[in-house]
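Asker: I would like the atomic coordinates for the input below:
(one chain, ligands or ions: 1)
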Amino acid sequence: MAHARLFTRREIESLIAAGDIIVITQNTVLRLNAWKDKHPGGSLVLQHMIGRDATHEINISHSPEIVRSMRHYRIGRVDGVWGNLIPPIQGGVYHLHPEEEHTHKPTSSPHDSAYESDGSSDCVEIFEPEWENIKEVSKNMRHRTNAGVQQINTECDAQVLMSPEDYTTAEMQQALEKDLAKYPSLDVATQGDIAAKFQLLHQRVRDEGFYECRYVEYYKEMTRYATLFALFAFCLSRSWYFVSACFLGLFWHQIMFSAHDAGHRGITHNFTKDTLIGIFIADFCCGLSIGWWKSSHNVHHLVPNLPEHDPDIQNVPLFATSPSFFNSVKSSYYGTYFPWDAAAGVAVKYQKYTYYPVMALARFNLYVLSWLHLAKPHARAKGTTWWTWYVELTGISFYTFWYFYVILYRSIDTWQSRAIFLLTSHLVTMPLHVQITLSHWGTSTSDLGPAESFAQRQLRTTMDVECPKWLDFIHGGLQFQAVHHLFPRVPRHNLRRLQELVKEFCAETKIEYLIHGFAEGNCVVLNKLQDVANQAKMLAACQTHMAAVGHYDLE
Ligand code: HEM
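Answerer: Numbering: from 1, shown residues only. I've put the predicted structure just below:
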């Protein structure tokens with residue numbers, strides 16, 4: 001039996017070196033080459049899991065039936081605790097071992113599970129923690145940068161004698177060390193214990209019915225959306241343009257929460273039904289592509305707050321929430337560089353002040369991103385979800401005609417009223433964009449490496465907003481972001497109850513549960529923006545100084 005084969009770590013590395021998409025789940029080895037272009041969650045999410053134990057990521061993203069169907073892609077198993085490799089997309093480099101170069105046979109069978117066992121009983125390799133290596137690297141970096149950091153602390157002007165690269169490294173290192181000191185150890189036993197406890201928690205979530213959607217809550221939601229829409233239409237018919245625009249903005253603000261639920265298949269749990277609900281709300285009613293949103297959001301959920309990989313924090317030149325961006329990050333999502341140039345240097349210095357104005361206009365940017373996404377060849381999904389692109393294009397075209405022609409042009413008389421209506425309806429959605437950024441912009445952007453468990457990474461990089469129950473509808477479930485990141489398919493209206501279990505889990509595992517009131521959360525984000533702005537100023541001072549002493553070219 002091919003799937004009885006026991007793989008060694010070296011063999012897994014060789015398969016990855018040969019270009020295979022190898023993922024470990026519950027000690028079984030999956031080869032997913034056949035899903036590369038057909039996976040409904042996108043190809044990037046598979047790539048971020050290559051060489052890793054993706055048990056939790058897989059279990060929280062799919063129904064138990066789909067998880068069971070994955071056995072078709074099994075090519076063998078591994079023994080002991082699997083120590084995650086760094087996926088190639090995140091910089092992992094693997095080489096075929098000379099003796100395997102000739103024997104590796106890439107498979108092209110439909111199920112891609114035709115890896116032939118040679119019947120040999122390969123030696124079992126139990127992963128030894130890389131924690132010692134991490135500490136060693138960390139120590140070396142500290143030695144290299146400590147002198148510079150002290151210099152910066154004592155000489156807060158352009159007299160710093162540090163290169164911009166060293167300064168950035170020092171800042172990133174300090175943030176990393178803060179997290180290492182604050183969060184549970186990355187050793188195998190501790191992270192294994194967190195993973196085991198998370199598995200138990202997930203079982204409890206299933207057993208206690210948290211995945212069951214309480215549809216009555218959606219009837220209430222729909223009543224609210226319908227009321228807001230009716231008020232918009234009524235006011236428009238009376239030519240009360242400003243009030244009408246406010247109601248339309250509030251309608252968009254509220255209904256987009258349900259698009260988020262549908263995008264996660266958190267309503268019916270059926271891909272086709274939830275995707276259609278998502279397209280109806282996002283594309284037809286709001287002019288935004290749910291396909292674009294899913295393609296970036298699925299990646300964001302897997303690698304939250306990793307500057308090179310999470311599209312949600314890649315906002316240079318306007319904003320930077322991590323000094324990593326000073327190194328001109330190449331985005332694995334967009335495939336392009338976010339250069340740290342003069343424009344970024346200036347904009348980021350003032351980002352604390354531009355945050356709310358930009359959030360107020362953020363919706364216009366989402367139109368652009370939606371259209372750009374649909375124009376890309378890879379937006380046309382292959383496999384069973386091929387139809388989504390056509391329905392989306394119909395929806396978004398309908399919206400454009402309806403909003404810009406029927407509402408703005410035909411229903412409103414003057415250009416001045418049109419401009420007021422356009423701006424008001426879009427500005428009213430600002431709290432939604434602030435709410436979205438509150439969840440992550442104030443939290444850590446450090447990468448603790450492949451040894452960190454799924455649950456710890458999500459909780460370390462995600463923040464909840466505390467609010468009374470009666471205000472839940474205003475935050476639309478996004479206030480339970482940490483809970484949602486652990487269980488993205490759990491229906492929104494069950495998250496408040498689930499939050500209690502997650503808090504218990506955090507207390508048991510000693511992972512801090514990040515939660516702030518709305519105003520306090522805003523301050524956390526603004527402080528983070530100010531911190532990075534200060535770092536950007538210091539970086540500029542380093543550049544000026546190094547240029548003055550002839551070690552740096554300001555161009
Ligand atoms: C390597 C780890 C994997 C991750 C992180 C992952 C993640 C995801 C995500 C986020 C979605 C949601 C798509 C959306 O609605 O936008 C999804 C959907 C889906 N994935 Fe995966 N996936 C993984 C592996 C697999 C594998 C091995 C299979 C093969 C059976 C698979 C089959 C599917 C299917 C059929 C759907 C559609 C969902 C549905 O019908 O409910 N995935 N996946």
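Asker: what about residue 46, how many neighbours?
Answerer: Other residues lying near residue 46 total 21 when counted by other CB atoms under 10 Å. Where you see a C-beta, it was placed from the backbone N, CA and C, and this is true even at glycine.
Asker: what does residue 381 give?
Answerer: Considering only other CB under 10 Å, residue 381 is surrounded by 18 other residues.
Asker: Quick check: the gap between it and the ligand.
Answerer: Taking CB to the nearest ligand atom, to the nearest Å as the measure, residue 381 falls 10 Å from the ligand.
Asker: interface residues of the stretch 1-150 of the chain facing the ligand?
Answerer: By the rule CB under 6 Å from any ligand atom, the part of the stretch 1-150 of the chain lying against the ligand is 23, 30, 32, 35, 39-41, 45-46, 49, 54, 57-58, 61-63, 66, 69-70, 73.
Asker: Which of those fall within strands?
Answerer: In this view, these that belong to strands under DSSP state E are 23, 30.
Asker: Can you flag the buried ones in the residues of the stretch 1-150 of the chain next to the ligand?
Answerer: 23, 30, 32, 35, 39-41, 45-46, 49, 54, 57-58, 61-62, 70, 73 (16 or more other CB atoms under 10 Å).
Asker: now the stretch 351-500 of the chain, which segments are flagged as low pLDDT?
Answerer: Within the stretch 351-500 of the chain, the set of residues satisfying pLDDT under 70 is empty.
Asker: switch the cut-off to 90
Answerer: 377-386 (pLDDT under 90).
Asker: Spell out which parts of it neighbour the ligand.
Answerer: Contact residues of the stretch 351-500 of the chain with respect to the ligand, defined by CB under 6 Å from any ligand atom, are absent.
Asker: what do you get if the cut-off is 8 Å, keeping everything else the same?
Answerer: Within reach of the ligand by CB under 8 Å from any ligand atom, the stretch 351-500 of the chain has these residues: 384-385, 488.
Asker: Among the residues of the stretch 1-150 of the chain next to the ligand, which lie within helices?
Answerer: Applying DSSP state H to those, the entries found in helices are 45-46, 57-58, 61, 66, 69.
Asker: dump the residue contacts of whatever residue of the stretch 451-555 of the chain ends up closest to the ligand.
Answerer: Ranked by CB to the nearest ligand atom, the top residue of the stretch 451-555 of the chain for proximity to the ligand is residue 488, at 7.5 Å. Under the criterion of CB atoms under 8 Å, 6 or more residues apart in numbering, the contact partners of residue 488 comprise 60-61, 264, 266, 301.
Asker: pLDDT and distance to residue 448 added to the ones in helices among the residues of the stretch 1-150 of the chain next to the ligand, as TSV?
Answerer: Supplementary listing: these in TSV, determined by pLDDT from 0 to 100; distance: CB to CB, whole Å:
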residue	pLDDT	distance to residue 448
45	97	20
46	98	22
57	98	16
58	98	21
61	97	22
66	96	29
69	95	32
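Asker: quick revisit: turn the residues of the stretch 351-500 of the chain next to the ligand into a markdown table, including secondary structure and distance to residue 363.
Answerer: Formatted as a markdown table, those follow (DSSP: H, G, I helix; E, B strand; the rest coil; distance: CB to CB, whole Å):
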| residue | secondary structure | distance to residue 363 |
| --- | --- | --- |
| 384 | helix | 31 |
| 385 | helix | 26 |
| 488 | coil | 23 |
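Asker: can you tell me which of the residues you listed lies nearest to residue 222?
Answerer: Checking these against residue 222 by CB to CB gives residue 488 as the nearest, at 22.4 Å.
Asker: quick one, phi/psi of the closest one?
Answerer: Dihedral angles phi and psi of residue 488 (degrees, to the nearest 10) take the values phi -70, psi -20.
Asker: and if you look at residue 263?
Answerer: Here the main-chain torsion angles of residue 263 (degrees, to the nearest 10) amount to phi -60, psi -30.
Asker: what's the burial count for it?
Answerer: The number of residues near residue 263, taken as other CB under 10 Å, comes to 24.
Asker: can you check residue 220 too?
Answerer: A count of nearby residues for residue 220, using other CB under 10 Å, gives 12.
Asker: need the helices for the stretch 451-555 of the chain, in chain order.
Answerer: Secondary structure of the stretch 451-555 of the chain, counting by DSSP state H, counting those that start in this stretch: helices at 454-460, 472-475, 481-486, 495-509, 518-548.
Asker: I misspoke; the intended subject was the stretch 101-250 of the chain.
Answerer: According to DSSP H, counting those that start in this stretch, the stretch 101-250 of the chain carries its helices in the segments 131-154, 164-182, 188-207, 215-237, 241-263.
Asker: Show me what the last one packs onto, helices and strands only.
Answerer: The contact analysis (3 or more CB pairs under 8 Å, 6 or more residues apart in numbering; DSSP states H and E) places helix 241-263 against helix 215-237, helix 271-279, helix 286, helix 290-302, helix 415-427, helix 430-438.
Asker: Now do it and helix 290-302, the angle between them.
Answerer: Using axes from the mean of the first three to the mean of the last three CA atoms, to 10 degrees, the interaxial angle of helix 241-263 with respect to helix 290-302 works out to 60 degrees.
Asker: ok, now which ones touch residue 359?
Answerer: Applying CB under 8 Å, 6+ apart, we find residue 359 in contact with 430, 433-434, 437.
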